[in-house]
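> Take this sequence and fold it.
(one chain, ligands or ions: 1)
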Amino acid sequence: MTSLIEQAKQKAAYQAVDEHVLPTHTVIGVGSGSTVVHVVARLLERDPALNAKTVFIPTSFQSRGLLLDGGLTVGDVEQYPNIDVTIDGADEVDAQLNAIKGGGAAHLQEKVVAEAAKKFIIVADYRKDSKVLGEQWTKGVPVEVVPFAWKAVLKKLQGLGSKDAKLRMAVNKAGPVVTDNGNFIIDAPFGLIRDPVKVLKDTKLITGVVEVGLFCNMAEVAYFGCEDGSVTVRTK
Ligand SMILES: O=C[C@H](O)[C@H](O)[C@H](O)COP(=O)(O)O
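Purely as a prediction, here's the structure:
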């Protein structure tokens, strides 16, 4: 039996695909994470002729695998720098549609693919819906760093007020999580983030930081699957 959370993710993902992936689209960005599994499932229910003329741009090893397993054609932003629409999950979304992403360490490729798209759409379940970032997602802002700089970046993040910033450690592997790009992740909690643009700018300016999991002023719409089976749609 599917859990309430899985149902919520599925409803949000299905509605987003139905409303934003148009028959005229030929290049679609596909994010990463557990909610995106439902995005790909819905894409696979489309007319096969539409999928056959479409290239899908993954944002991680995981989403590339989902697309390939579904028999879809994959490409990259080097070949396809103009994407019609990108649909992705999020760890938390605020009232202005700013988002924290990178809980799965995929936010660098996700941000590139989102920025290359004419439209960026977020799909999530009710647990991700916040007024202010940091209300629900308390693990911190994921910051991807080049490995040799991690300690220096950690100190700078602490200096910016993230006292509990820490290197993300792997499970079932000794040592840190290594991203799809060969980098490390620092999770930097900043409490309630009332000015995400400032936190993004301050953290991204630290030398050694590759990308920060704050997606500010990027999403056009967010779909939240609710506990009662409905979907809340929030637009900018
Ligand atoms: O790095 C991972 C991505 O930003 C995901 O989109 C995010 O963590 C949400 O994942 P999920 O849909 O599994 O909650």
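> Am I right that residue 49 is in a strand?
No - with DSSP: H, G, I helix; E, B strand; the rest coil as the criterion, residue 49 is assigned helix and is not in a strand.
> What's the separation between it and residue 21?
14 Å (Cβ to Cβ, to the nearest Å). Every C-beta, even on glycine, is put in place using the N, C-alpha and C of the backbone.
> who has more neighbours, those two?
Ranked by neighbour count (other Cβ atoms under 10 Å), residue 49 and residue 21 place residue 21 first, with 21 against 9.
> you'd agree that one is up against residue 44?
No - between residue 21 and residue 44 there is no contact under Cβ atoms under 8 Å: 11.7 Å.
> in the chain, what residue sits furthest out from the centroid?
Here the chain reaches farthest from its C-alpha mean at residue 49, the gap being 28.1 Å by Cα atoms, centre = their mean.
> Tell me which helix or strand comes right after the helix ranked longest in the chain, heading toward the C-terminus.
In the chain, taking DSSP state H as the definition, the longest helix is helix 4-20. Toward the C-terminal end, the helix or strand that comes next after helix 4-20 (DSSP states H and E) is strand 27-30.
> which helices and strands does the helix or strand just after that following strand pack with?
Sequence order places helix 36-43 as the next helix or strand after strand 27-30, per DSSP H and E. With contacts taken as 3 or more Cβ pairs under 8 Å, 6 or more residues apart in numbering; DSSP states H and E, helix 36-43 sits against helix 4-20, strand 27-30, helix 61-69, strand 83-88, strand 117-125.
> what's the closest of those to the ligand?
strand 83-88 (5.3 Å; Cβ to the nearest ligand atom).
> Tell me who's in contact with residue 119.
20, 84-86, 220-221 (Cβ atoms under 8 Å, 6 or more residues apart in numbering).
> Quick check: the two most widely separated of the residues you listed?
Using Cβ to Cβ, the contacts of residue 119 span at most 14.6 Å, a distance reached by 84 and 221.
> Close to the ligand: what parts of the chain are there?
By Cβ under 6 Å from any ligand atom, the residues of the chain that approach the ligand are 31-35, 88-91, 101-107, 110.
> Can you select the buried ones from these in PyMOL?
Buried residues within those, by 16 or more other Cβ atoms under 10 Å, are selected in PyMOL with:
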select buried, resi 31+32+33+35+88+89+90+91+101+102+103+104+105+106+107+110
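> so how far is the first residue of stretch 24-36 from its last?
21 Å (Cα to Cα, to the nearest Å).
> ok, and the closest non-adjacent residue to residue 135?
residue 192 (6.6 Å; Cβ to Cβ, 6 or more residues apart in numbering).
> Quick check, pLDDT for that neighbour.
Note on residue 192: pLDDT of 98.
> List the contacts of it.
132-135.
> Any chance of CSV for the helices and strands packed on helix 36-43, columns distance to residue 196 and mean pLDDT?
Output for these, formatted as CSV (distance: least, Cβ to Cβ, whole Å; pLDDT from 0 to 100):
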stretch, distance to residue 196, mean pLDDT
helix 4-20, 22, 98
strand 27-30, 22, 98
helix 61-69, 24, 98
strand 83-88, 17, 98
strand 117-125, 14, 98
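> can the ones you listed go into CSV with extra columns for distance to residue 153?
Shown next, in CSV, are the helices and strands packed on helix 36-43 (distance: least, Cβ to Cβ, whole Å):
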stretch, distance to residue 153
helix 4-20, 32
strand 27-30, 28
helix 61-69, 24
strand 83-88, 25
strand 117-125, 27
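> Spit out the contact partners of the residue in the chain that the ligand sits nearest to.
Taking Cβ to the nearest ligand atom as the measure, the chain has residue 33 as its residue closest to the ligand, at 2.6 Å. By Cβ under 8 Å, 6+ apart, the residues touching residue 33 are 62, 88-89, 103-104, 106.
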